[in-house]
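Chemist: could you work out the structure for the sequence below:
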Amino acid sequence: MAEPASPPRTRSLSQKVAQIPPSGIRKFFDLLASIEDVISLGVGEPDFVTPWHIREAGIYSLEKGRTSYTSNYGLLDLRFELARHLERRYGVDYDPKDELLITVGVSEAMDLAMRAILDPGDEVIVPDPTYVSYVPCTVLAGGVPVPVPTRQEEDFQLSPAEVAARITPRTKAIILAYPNNPTGAVMDRPGLEEIAHLAEAHDLLVISDEIYDRLVYGVEHVCFAALPGMRERTILLGGLSKAYAMTGWRIGFAAAPQDIMEAMVKVHQYTIMCAPTVSQYAALEALKNGEAAVLEMLEEYDRRRRVIVRGLNEIGLSCFEPRGAFYAFPSIRATGLSGEEFAQRLLVEEKVAVVPGNAFGQCGEGHVRCCYATSMDNIERALERIGRFVGRVWV
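Modeler: Okay, here's the model as predicted:
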């Protein structure tokens, strides 16, 4: 007689992982995938193809057999070119040998920064709403995220006074993310200088995610590390995904003082080894010769930005003017619907995809994110459908 089957083993999962909810963006796109002929204002990536000369550099690197590992820090030529780029644009100087690290996108750079600086219970101040990975990265590194609300009536800029009110003896770092995803906000120089004063007064680090630094419209992008006294307190994060249309190449970078960088590289070398070699050669070409393509794409994004913001306001969805990135973040409160209800019904009834604002934090509720990195035709048709949907809801 056969012995009875053993009961299934209970798996022991990390409580930190178990308590982190799935990405609100990915959850929504699972629904999107089941519906055909959708106009998507959801995916946060350029609709442009990587410029040919950059792709060609990647192809050439493969033809030459450059398929081995690079240094953990990344190609030295790429780091030298990146150092020149940062000095030329922002006047901030980094040693390419031990203060710059090439990463697998900015997402890896953020994870490395958190794991390099946080001890269990350390607090990290995080703007709300903001990009979806910051809170989970903090938690996974043993830290405690401390949200600070930002508001449409204040152009979603981080309030130094509200930051100051949340600083405690356990505060280790402040995250800055300007230009901002999802709001499109750009923080002005006086506001950043006040944050700098707080960091100095309380001996804090600042992690400044500036992945959208090249995508600003009619305003100046201020590199936080270039502010007086901030280079030694800042972990500067950036990359090529957005401005150069290179999301799939997965190339980001971190710039930081040597002691912090050494800690980040310890984690990087044991988990990643190095960023993809072919992508690093493509990135080198982008930094050397990609400026014309960046400016061309920037001009087109600006044209789309003005159309979608005007269109949303005309529909009756109050939308402040985003000055960076490629997102509009209109309020949908006047409809009486929650962000998730609005997004789900708009998708099902009119086949337009937007992302509920609460995917980016509690303060995103009452808004939806609309990405205008899509064709003008798609934007105009989407606005027509959104207007039709809003008209029905209000009736």
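Chemist: could you pull out the helices in the stretch 101-250 of the chain for me?
Modeler: Assigned by DSSP state H, counting those that start in this stretch, the stretch 101-250 of the chain shows helices spanning 105-117, 134-140, 160-165, 189-201.
Chemist: in a helix, that's where S61 is, yeah?
Modeler: Yes - per DSSP: H, G, I helix; E, B strand; the rest coil, S61 lies within a helix segment.
Chemist: in what element of secondary structure is the spatially closest residue to it that is not a sequence neighbour found?
Modeler: Leaving aside its sequence neighbours, S61 sits nearest to Y281 (C-beta to C-beta, 6 or more residues apart in numbering; 3.8 Å). All C-beta spots, glycine's among them, are computed from the backbone N, C-alpha and C. According to DSSP states H and E, Y281 maps onto helix 277-289.
Chemist: single out the most deeply packed of the helices of the stretch 101-250 of the chain.
Modeler: helix 105-117 (a mean of 24; mean count of other C-beta atoms under 10 Å).
Chemist: domains in the protein, by residue range?
Modeler: Annotated domains of the chain cover 16-45+292-394, 52-288 [automatic domain parsing].
Chemist: in a markdown table, list the ones you listed along with mean pLDDT.
Modeler: Listed next are these as a markdown table, based on pLDDT from 0 to 100:
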| stretch | mean pLDDT |
| --- | --- |
| domain 16-45+292-394 | 92 |
| domain 52-288 | 97 |
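Chemist: the helix or strand encompassing H268 packs against which elements?
Modeler: Assessed by DSSP H and E, H268 sits inside helix 258-271. Secondary-structure packing of helix 258-271 (3 or more C-beta pairs under 8 Å, 6 or more residues apart in numbering; DSSP states H and E): strand 100-103, helix 105-117.
Chemist: in CSV, list the C-alpha atoms belonging to it.
Modeler: This file holds the C-alpha atoms of helix 258-271, laid out as CSV (Å, rounded to 0.1, in the frame of the first residue of the first chain):
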residue,chain,number,x,y,z
GLN,A,258,35.2,57.8,-3.2
ASP,A,259,34.3,56.3,0.2
ILE,A,260,30.6,56.0,-0.7
MET,A,261,31.5,54.7,-4.2
GLU,A,262,33.7,52.0,-2.8
ALA,A,263,30.8,50.7,-0.7
MET,A,264,28.4,50.8,-3.7
VAL,A,265,30.9,48.9,-5.8
LYS,A,266,31.2,46.2,-3.2
VAL,A,267,27.5,45.4,-3.6
HIS,A,268,27.7,45.9,-7.4
GLN,A,269,30.6,43.5,-7.9
TYR,A,270,28.9,40.6,-6.0
THR,A,271,25.5,41.0,-7.6
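Chemist: and I59, how far from E81?
Modeler: 19 Å (C-beta to C-beta, to the nearest Å).
Chemist: so which of these two has more stuff around it?
Modeler: E81 (18 against 14; other C-beta atoms under 10 Å).
Chemist: and the more buried one, which of the three is it?
Modeler: The three-state label for E81, taken from three-state DSSP, comes out as helix.
Chemist: L287 is in contact with that one, correct?
Modeler: Yes - judged on C-beta atoms under 8 Å, E81 makes contact with L287 at a distance of 4.6 Å.
Chemist: so who does L112 touch?
Modeler: L101, T103, A254, M264, V267, H268 (C-beta atoms under 8 Å, 6 or more residues apart in numbering).
Chemist: skipping its backbone neighbours, what lies nearest the first one in space?
Modeler: Using C-beta to C-beta, 6+ apart and skipping the chain neighbours, the partner closest in space to L101 is A254 (4.7 Å).
Chemist: ok, now W249?
Modeler: S279 (4.2 Å).
Chemist: now do the longest helix along the chain: everything it contacts.
Modeler: Secondary structure of the chain per DSSP state H: the longest helix is helix 291-315. Outside of helix 291-315, the residues within contact range by C-beta under 8 Å, 6+ apart are 46, 48, 51, 54, 184, 214-215, 217, 243-245, 319, 321-322, 326, 328, 330, 370, 372-374, 376, 379-380, 383, 386-387, 390.
Chemist: what comes up buried for it?
Modeler: By 16 or more other C-beta atoms under 10 Å, the buried positions in helix 291-315 come out as 293-294, 297-298, 300-302, 304-305, 308-309, 311-312, 315.
Chemist: also stretch 49-69?
Modeler: T50, P51, I54, A57, G58, S61.
Chemist: closest one to E350 out of the residues you listed, please.
Modeler: T50 (31.6 Å; C-beta to C-beta).
Chemist: surely the closest one is in contact with W249?
Modeler: Yes - using C-beta under 8 Å, T50 makes contact with W249 at a distance of 7.0 Å.
Chemist: so what sits against both of these two?
Modeler: Common neighbours of T50 and W249 (C-beta under 8 Å, 6+ apart) are A282.
Chemist: then stretch 244-253 to CSV, C-alphas only?
Modeler: Taking C-alpha atoms only, stretch 244-253 is exported to CSV below (Å, rounded to 0.1, in the frame of the first residue of the first chain):
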residue,chain,number,x,y,z
TYR,A,244,18.9,59.2,-25.7
ALA,A,245,16.0,56.8,-26.1
MET,A,246,18.0,53.9,-24.7
THR,A,247,15.7,52.3,-22.1
GLY,A,248,16.4,48.7,-23.3
TRP,A,249,20.2,49.2,-23.2
ARG,A,250,20.0,49.5,-19.4
ILE,A,251,22.8,52.0,-18.8
GLY,A,252,22.8,54.2,-15.8
PHE,A,253,25.4,55.7,-13.6
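Chemist: E296 and G42, how far apart?
Modeler: Where G42 is concerned, E296 sits at a distance of 24 Å (C-beta to C-beta).
Chemist: for F329, same thing?
Modeler: 13 Å.
Chemist: what's the burial count for E262?
Modeler: For E262, the neighbour count with other C-beta under 10 Å is 14.
Chemist: was I right to think it contacts D98?
Modeler: Yes - at 7.4 Å, E262 counts as touching D98 under the criterion of C-beta under 8 Å.
Chemist: list the contacts for the residue nearest to L101?
Modeler: Per C-beta under 8 Å, 6+ apart, neighbours of A254: L100, L101, T103, A109, L112, A113, I235, L236, L237, M261, M264.
Chemist: ok so it is a helix residue?
Modeler: No - residue state for A254 (three-state DSSP) corresponds to strand; a helix is not indicated.
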